[in-house]
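Participant: missing the sequence, but the structure's below:
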């Protein structure tokens, strides 16, 4: 008699979900029945490579943050994705981080490089002290924002508003790194736990999606199902229970499908989990758990931060070449009226590589959400033109945006944001709680499992954090069956 294969259902086909499926498949082969259910119509989650105006661009994940020891770099190399594609040789940041910025002040005028370098160096020294844990948190100073606020008097005391503007410009860049709408919400103590890889930071010549495709290629045909939205997961919260999980899949107007599983690995975004905590999260509007998640899990979900970071790509007119790496120093008090509010905390606008006619601006928090709400691209283009005019860049309409492409991770119901951060009131322990399987203890303690960037204590917010979490959950199961069953 052939024993029944344990069935694992993975919810979500982003990096975490596909990594878990890939690990289980390559380690256990056909001994485990692995199915990936993806609510959307594509693989990759918050990884989405695309093309715009003839260049390869990334709508989501962009950088390999340090190549020394990075599993994403290793996978990209194995997938032959690091060398340029002869058919599409130009790609975002193929020349690394932009150099030689020109910093302009609102209302016109170039801020001297010596001033920018001095203030930016001071800012970086402050953030280095935070990341190295040399700044003890107190009741009054418990956020990155409050620490910076107490320190910036060194640059504002001189009475030159451009100094404060350059300091704020660095803070706005930090917001895109962390996804925190306001650095006042970013926990001070937790910043020293975040770990980075060494070596160069690079983009992927053939697109980040090649990493996704590499993982998916090893999976059997039919094991990944697209447009399969999970609306409810029934699981037994008794440590000694034998009941399998029941995963309810939206039938798209027809009766829900129920998939029975021995183990479920949930890899949806923290934003989706947060939406499920809302009291008005009715049937069909968010993924539900039955019984509800235990208090420790819900509290961790509620305390952790999850922010929005968007990218705005702009194609300039064909005659418009040589656009500089432009840094924007906004006046803290006197505003040029036509510059839209959603542009006012954008730190820079620059070509996606030297000489490209495609420009890129990053937006975070409330400003990103407001840009997403603009119904027409023409409204966004008008806002960009007003900003360039407000800084006297290419006056008289000589700098003209032909079309734009923008991400919208905040209002996408499958994500509801971009990536996580440790908010004030939370801690690294909450990231550990996010990763803890359910129920606690007993032989069924791996019934409900969790992966994703928001479940990794030291590499949250990154694709490699998502990778590590997928491997972690797969290894839990491999160990469980290697020593507890015929696997």
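Facilitator: Received, thanks. Please read these numbers as outputs of a predicted model, since none were measured by experiment.
Participant: and stretch 128-144, which residues are buried?
Facilitator: Residues of stretch 128-144 classed as buried by neighbour count (16 or more other Cβ atoms under 10 Å): 130-131, 135, 137, 141-144. C-beta here means a position set from N, CA and C on the backbone, and glycine is covered the same way.
Participant: just stretch 239-249 next, same as before
Facilitator: Result for stretch 239-249 [16+ other Cβ under 10 Å]: buried residues 244-249.
Participant: Which residues does the least confident helix or strand in the chain by mean pLDDT contact?
Facilitator: Between all helices and strands in the chain, the lowest mean by mean pLDDT, DSSP states H and E belongs to helix 153-156, at a mean of 85. Identification of contacts with helix 153-156 by Cβ atoms under 8 Å, 6 or more residues apart in numbering yields 119, 122, 163-164, 166-167.
Participant: Any buried residues in that helix, and which?
Facilitator: Neighbour-count burial for helix 153-156 [16+ other Cβ under 10 Å]: residue 155.
Participant: Beyond it, next helix or strand please.
Facilitator: As assigned by DSSP states H and E, the chain's next helix or strand after helix 153-156 is helix 161-178.
Participant: contact partners of the very next helix or strand once past that following helix?
Facilitator: Proceeding N to C from helix 161-178, the next assigned helix or strand is helix 209-217, under DSSP H and E. Applying Cβ under 8 Å, 6+ apart, the contact partners of helix 209-217 are 13, 15, 18-19, 21-22, 43-44, 47-49, 72, 75-76, 78-79, 81, 204, 224, 463.
Participant: Could you check which helix or strand contains residue 122?
Facilitator: Counting by DSSP H and E, residue 122 is found in helix 113-131.
Participant: okay, the angle between that helix and helix 161-178?
Facilitator: 40 degrees (axes from the mean of the first three to the mean of the last three Cα atoms, to 10 degrees).
Participant: Which secondary structure elements does helix 113-131 sit against?
Facilitator: helix 144-151, helix 153-156, helix 161-178 (3 or more Cβ pairs under 8 Å, 6 or more residues apart in numbering; DSSP states H and E).
Participant: mean pLDDT for those helices: which is lowest?
Facilitator: Within those, the stretch with the lowest mean pLDDT is helix 153-156, showing a mean of 85.
Participant: Count the residues that sit near residue 388.
Facilitator: 25 (other Cβ atoms under 10 Å).
Participant: just the one 4 residues further on next, same as before
Facilitator: For residue 392, the neighbour count with other Cβ under 10 Å is 15.
Participant: Confirm that it sits in a strand.
Facilitator: No: Residue 392: not assigned to a strand; according to DSSP: H, G, I helix; E, B strand; the rest coil it is coil.
Participant: got the buried residues for the lengthiest helix in the chain?
Facilitator: For the chain, the longest helix by residue count, based on DSSP state H, is helix 463-484. Buried residues in helix 463-484, counted by 16+ other Cβ under 10 Å: 463-474, 476-478, 480-481.
Participant: Stretch 199-217 too?
Facilitator: 201-216.
Participant: Which one of the residues you listed is nearest to residue 171?
Facilitator: residue 201 (20.5 Å; Cβ to Cβ).
Participant: and the gap between the closest one and residue 191?
Facilitator: Distance, residue 201 to residue 191, using Cβ to Cβ, to the nearest Å: 19 Å.
Participant: quick one on the thing from earlier: give me the contact list for the helix holding residue 122.
Facilitator: 101, 103, 135, 144, 147-148, 151, 154-155, 162-163, 166-167, 170-171, 174, 188, 191-192, 194, 327.
Participant: List buried residues within those residues.
Facilitator: 101, 103, 135, 144, 147-148, 151, 155, 162-163, 166-167, 170-171, 174, 188, 191-192, 194, 327.
Participant: can you pull out the strands in the stretch 351-487 of the chain?
Facilitator: In the stretch 351-487 of the chain, the segments counted as strands under DSSP state E, counting those that start in this stretch are 358-364, 401-406, 419-421, 448-450.
Participant: Pick the most buried one from the ones you listed.
Facilitator: Neighbour counts (mean count of other Cβ atoms under 10 Å) averaged over each of the strands of the stretch 351-487 of the chain peak at strand 419-421, with a mean of 28.
Participant: Which elements pack onto that strand?
Facilitator: Partner elements for strand 419-421 (3+ Cβ pairs under 8 Å, 6+ apart): strand 305-307.
Participant: The strand it packs on pairs with which strands?
Facilitator: Paired with strand 305-307 in the same sheet, following DSSP bridges, are strand 419-421 (antiparallel).
Participant: Average pLDDT for the partner strand, rounded please.
Facilitator: 98.
Participant: what residues are up against residue 360?
Facilitator: Applying Cβ under 8 Å, 6+ apart, the residues contacting residue 360 are 57, 92, 311-314, 349-352.
Participant: Quickly note the distance from it to residue 88.
Facilitator: Residue 360 is 17 Å from residue 88, by Cβ to Cβ.
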